[in-house]
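1. The following block contains a protein sequence and its predicted model.
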There are 2 protein chains.
Amino acid sequence: MTKTDTLLTNAIVLTMDENFHIFEPGAVAIQNDHIKAVGSQSELLSLYEANQIVDCQGKIVMPGLINAHTHVPMALMRGLADDLRLDVWLMGYMMPVEREFVSPEFVHLGTLLSCIELIRSGVTCFADMYYFEEDVAKATAEAGLRAICAQSVLKFPSPDAQYFEESLSSAREYIQRWKGHPLIIPSVAPHAPDTCTEEILRLCSALAVEFDVPLLTHLAETAQEEENSRQEHGMPVIPYVKKQNLFDAKVTAAHCVHVDEGEILTLLHHKVGVAHNPSSNLKLASGFAPVSAMIDAGLNVGIGTDGPASNNDLDMFEEMRLASFIAKAVTYDPTVIPAQTTLTMATIMGAKALHIDHITGSLEPDKRADLIILDISPLHNTPRFRRENHGLYAQIVYAAKSTDVTDVMVNGQWLMRDRQLTTINEAELLKQAENYARIIDTFLIQREQSVLSKLVAIGGATETESFEIQAKARVLDTSPILTAISSPELEILHHRHYHEYDTYFSFENSEQEYLRYREDEYIDEKGQVSNIRYRLTLLGPAREDHFPSDVLLSRSRFIAPATHSLRFYREYFKPSGETFIEKDRLRWRIIFKGTEFYINLDQVTEPDMGYFVEVKSRTWSKRDAEHKAEMGTQLLQFLGASLDKTVTQDYIEIISPKN
Amino acid sequence: MTKTDTLLTNAIVLTMDENFHIFEPGAVAIQNDHIKAVGSQSELLSLYEANQIVDCQGKIVMPGLINAHTHVPMALMRGLADDLRLDVWLMGYMMPVEREFVSPEFVHLGTLLSCIELIRSGVTCFADMYYFEEDVAKATAEAGLRAICAQSVLKFPSPDAQYFEESLSSAREYIQRWKGHPLIIPSVAPHAPDTCTEEILRLCSALAVEFDVPLLTHLAETAQEEENSRQEHGMPVIPYVKKQNLFDAKVTAAHCVHVDEGEILTLLHHKVGVAHNPSSNLKLASGFAPVSAMIDAGLNVGIGTDGPASNNDLDMFEEMRLASFIAKAVTYDPTVIPAQTTLTMATIMGAKALHIDHITGSLEPDKRADLIILDISPLHNTPRFRRENHGLYAQIVYAAKSTDVTDVMVNGQWLMRDRQLTTINEAELLKQAENYARIIDTFLIQREQSVLSKLVAIGGATETESFEIQAKARVLDTSPILTAISSPELEILHHRHYHEYDTYFSFENSEQEYLRYREDEYIDEKGQVSNIRYRLTLLGPAREDHFPSDVLLSRSRFIAPATHSLRFYREYFKPSGETFIEKDRLRWRIIFKGTEFYINLDQVTEPDMGYFVEVKSRTWSKRDAEHKAEMGTQLLQFLGASLDKTVTQDYIEIISPKN
């Protein structure tokens, strides 16, 4: 009799080895951190004498699930914002909150929370990429889980680095410190092709090769990313990153939603593992990854949950079911990705996709003892049909719930026994999580209350505090004005013709505030649209001061180039009202009696309001404003506008008067 | 102070009423079977004096979920067969097992099992259609759940009726007996457009109208059903059933996957409720229902699990999540079907879809007290962001699990308190379920062992025990044979020209058995294919007897018209090997010396084997066989075939010789 530490007996042992051996009743012998033997119960009982015999009571013993792609610290942002467009979600909520809150402490807490959820749901190994990844590694090691922890590198400032050189060098130091750890495989993660430069991709790949560690990244997640790659680099994402030598490293690529047959072969040729994320791809409407085609081609495809902020959980049982379901639906073939294949993806094939199948992913002698015990006796799993083994796989994939996991062992250490966690104090962490949620809530509530701060939050707004005097009058006949402008008393500095489409957002809580989204078509001398400018302007209270002859002083217009679509802003700012105005604008910059003015001759066509003439000039002092108010009145008169036709309101105020 | 039975306090009360009122801390007052008041805790505590005050400890109190489409007795067939084509699954497994096992006892047990799963996962009301539906109703009432129980009617023989008239009349009697029951709404379910006749649709509709009960059915589930409808009736499913007056009744139509805009408007016009079944539609690869378009159009769309044999569970939390996810993915718009809409679909909109929103679906005074308590404190639900109510809906739809349901009340009665069932003894039922699984397993194992019984199981095979004598020889030159056939010594009864494509399935466990799938193209006098016949033939052991000159007696060929595709049979029979043979066959029925024979002149083209001549004749006695063996030898010689070129093997045996 050979001595061993632990013998699991009276189990249905699903090995997930190459031949899908199942032993019932089966047993597993564990010595220290690794599996010593797997086989029938009678055989192992006759061979081994164990310090501890664990009676599995007819439950399933199988390899722990491998979550091939996640961002564990984001557990602290679960449910923060949902049902939004990807760009609104990311740039309007995730990134601002990350900029504000993500710190080593945040990352440590978020990781521990996720580890609890992962252990409870039968995950023994995961692949993570985030900021402050060394703190993810520390917390994961504390929890006792196995993980590939990859330090993110990207071209934008991130919570842990102002410039990419910082994150790259901290990735190097981190990898040096953690290489060889029994649980943690340190790694580097160039974030995605469109959030990295070519240089970042090359340097990250070189770093991973230098230390022989895996490299994690996002590839071909959205149609937009593909489109951008074609436009900017003249080729799709896969050949583009290949050109940057990314595939010199042992790569695991998350998503791969938008890849064609040729690209699948490229991935195969370079032994790239794929992490398929069904929930995330559905919830964020990224598309349907060609999982069946990838598997048929021979790619190793694992299954991931993605981060808990975009899923919104870390439940691999749910992901398995979805992986099968979605593959069947998109191919219109219910035989595709059967349950056995799915469980393979979530175990040994996931390990292959992460390039760690020599360590984990199946119950085989000499592999690390990473396993779970699953109770299939609850009613939602019954009855059990035994005439073919496929029934067992189908039970696990199609009917079992994550809550059926009763015990989890990683590296020979029990992390959960009979649903009790052994390494983490859950209650205390939950309190801390709620505290974070409170301060993030407060931060967002304050921000949501102010349109301005939401404008600033998305980064583009520039605080241009411009004071302007302005006077405006209705015009019935434009020809006298055009004649006056061409008279020698005005010096024309330049002249422009615009066609303007203005959308005004109004807000319930703000009586006098409008946000204007303007598309400014510049019409050239041939009458063609030769350029379009998109601008967001926050229109504050209309007037600061009111001079004789209805000349106004207006101020405080925050202006930002509108880099997103109207739809983005609509969803992000959630206006209570919306008004559209279209106008044709002839604009002159002129000098009148030594003072510079803009003259706008507007024809408001939608709604049909007729013609208006506007004179404007920037000002910075009260004295200057008073002088320009006087000159503006004179200019209006010179242009032939009758002073009893002056208008003190903005077009939007004429259309939708506010009380 | 008004007296009331029960007051639920200290809850987050999600009313799901028209204005989505949420009370926190909120309370619900319950009197007898109905809700008396819903509101803030302080208000209700000041108004009501309760016999029982239930402290909900900060959990969510909300309307119970409504499972809008299921077949509850099929819990006994969960996991019986998965990852198969719909027709293989249905005709190869479900229907044979149903024919064999479904009885009132089976239905009663299956229903109770499902009721446990439904209660545990927070369902208070469901819509069911199956056989022996009165027994479903009895078991459901025992369990204390609310349900619409609809007796299925279809044109095929079913476990509870040989002819549809029987199920229709038992539906009538059942409805008469149960109308007015406090929990059960009896109903009738014409199964689906292509499993019913026009008459069945009309009569079922008339029956539902006569008793003013809802009518349940399946509509537009698969593309095949749509295609069949267009071919057989010249119109899609929706207008076809409308023409049969189906929509005179209060209809709830399950699936509606393949409906266009016009059909959606037809459904809307006739107030048809829709039961969307995300898991089932995915798993069976039926397609993606246009849920977002249906909701936008104003249809009431509920959510269903479909039967536990095709899902494989009854978990409405999973279905809710999927309903949102899938709608986002197929529209490429992550804002579509947000969590609040989904929870509405699973509660009050589901009630509207089932035409019972006056009774249940929301927490409002005078509605029945159908509610659940949900614990959102487990880690997978945390943290909770409170800045907008949407967060609560998102938590429930995207993160909560069915196992978070702690308490369930239906019609004022607790069915589960703190996860303990109050009306059903689970352990005993589980034992009975395992017994059923054993005998079903045995039945299927026995069936699977015999190709013949699988052939018989799918209904089409006819046992034609035909004995044939046959003799065959290789032919180098066909012209002497053709000359001989046209000689006056043969009387030609008829002549045919076929092109035959034969696929032979071979089986590991069967040394001498082949199943042949033959496509017989009949070539007319103009050389055109004028008809194709598909046949399945079970080729038993090749010879029963062997006469001089290599004349054989073969027997026992079970023949069935092949009404399904080759792919169907391949999946259904799971052959271990497959061989393809193509040949051109000239066939004559002749009389030679007073004895009737068939002569086949075959050119085997794939694989290229050259020409063969075959003479065959049916026989029923040994003496007759001996006589015909002698005559056959003479006929072969007469045809010019050399007797040293005789062949005793079938073509398949020449190609793939078996040891």
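-> Cool, the structure landed. Fair warning: this is a prediction, and the values are worked out from it, not measured in the lab.

2. which helices and strands does whichever helix or strand A:Arg321 is part of pack with?
-> Assigning secondary structure by DSSP states H and E places A:Arg321 in helix A:316-331. The contact analysis (3 or more C-beta pairs under 8 Å, 6 or more residues apart in numbering or on different chains; DSSP states H and E) places helix A:316-331 against strand A:65-70, helix A:278-283, helix A:291-297, strand A:301-303, helix A:339-345, helix B:278-283, helix B:316-331. Where you see a C-beta, it was placed from the backbone N, CA and C, and this is true even at glycine.

3. All the strands of the stretch 101-250 of chain A, in order from the start?
-> A:123-130, A:146-153, A:184-190, A:214-219, A:250-255 (DSSP state E, counting those that start in this stretch).

4. As CSV, the ones you listed with mean neighbour count and distance to B:Ile66 would be great.
-> Output for the strands of the stretch 101-250 of chain A, formatted as CSV (neighbours: other C-beta atoms under 10 Å in any protein chain shown; distance: least, C-beta to C-beta, whole Å):
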stretch, mean neighbour count, distance to B:Ile66
strand A:123-130, 28, 33
strand A:146-153, 29, 41
strand A:184-190, 28, 44
strand A:214-219, 27, 39
strand A:250-255, 26, 35
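
5. want to throw these into CSV with distance to chain B and mean pLDDT?
-> Formatted as CSV, the strands of the stretch 101-250 of chain A follow (distance: least, C-beta to the nearest C-beta, whole Å; pLDDT from 0 to 100):
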stretch, distance to chain B, mean pLDDT
strand A:123-130, 12, 98
strand A:146-153, 18, 98
strand A:184-190, 22, 98
strand A:214-219, 17, 98
strand A:250-255, 13, 98
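
6. For the stretch 301-450 of chain A, give me the ranges with low pLDDT.
-> Applying pLDDT under 70 to the stretch 301-450 of chain A flags residues A:449.

7. residues of stretch A:416-425 that come out buried?
-> A:Met416, A:Leu421, A:Thr423, A:Ile424 (16 or more other C-beta atoms under 10 Å in any protein chain shown).

8. Give the single residue among those residues positioned nearest to A:Gly234.
-> A:Ile424 (49.4 Å; C-beta to C-beta).

9. any idea how far the closest one is from chain B?
-> 10 Å (C-beta to the nearest C-beta, to the nearest Å).

10. That residue in helix, strand or coil?
-> coil (DSSP: H, G, I helix; E, B strand; the rest coil).

11. Tell me who's in contact with it.
-> Taking C-beta atoms under 8 Å, 6 or more residues apart in numbering or on different chains, we find A:Ile424 in contact with A:Leu112, A:Cys115, A:Ile116, A:Ile119, A:Glu142, A:Ala143.

12. and the helix holding A:Arg321 with strand A:65-70, angle?
-> Interaxial angle, helix A:316-331 versus strand A:65-70 (axes from the mean of the first three to the mean of the last three C-alpha atoms, to 10 degrees): 70 degrees.

13. Any idea how far helix A:316-331 is from the middle of the chain?
-> Helix A:316-331 sits 22 Å away from the centroid of its parent chain (C-alpha atoms, centre = their mean, to the nearest Å).

14. Also stretch A:196-206?
-> 21 Å.

15. My understanding was that A:Met316 contacts A:Asn67; is that so?
-> Yes. Using C-beta atoms under 8 Å, A:Met316 is in contact with A:Asn67, at 5.7 Å.

16. State the distance from the spatially closest residue to A:Ser229 that is not a sequence neighbour to A:Asn228.
-> Nearest non-adjacent residue to A:Ser229, counting by C-beta to C-beta, 6 or more residues apart in numbering or on different chains: A:Val237, 4.6 Å away. A:Val237 sits 9 Å away from A:Asn228, going by C-beta to C-beta, to the nearest Å.

17. Tell me the one of the contacts of A:Ile424 nearest A:Leu476?
-> Among the contacts of A:Ile424, and counting by C-beta to C-beta, the member closest to A:Leu476 is A:Leu112, at 72.8 Å.

18. So the residue nearest in space to the middle of chain A, which state does it fall into?
-> Compute the mean C-alpha point of chain A, and by C-alpha atoms, centre = their mean the closest residue is A:Leu90, 4.6 Å away. Following three-state DSSP, A:Leu90 is assigned to helix.
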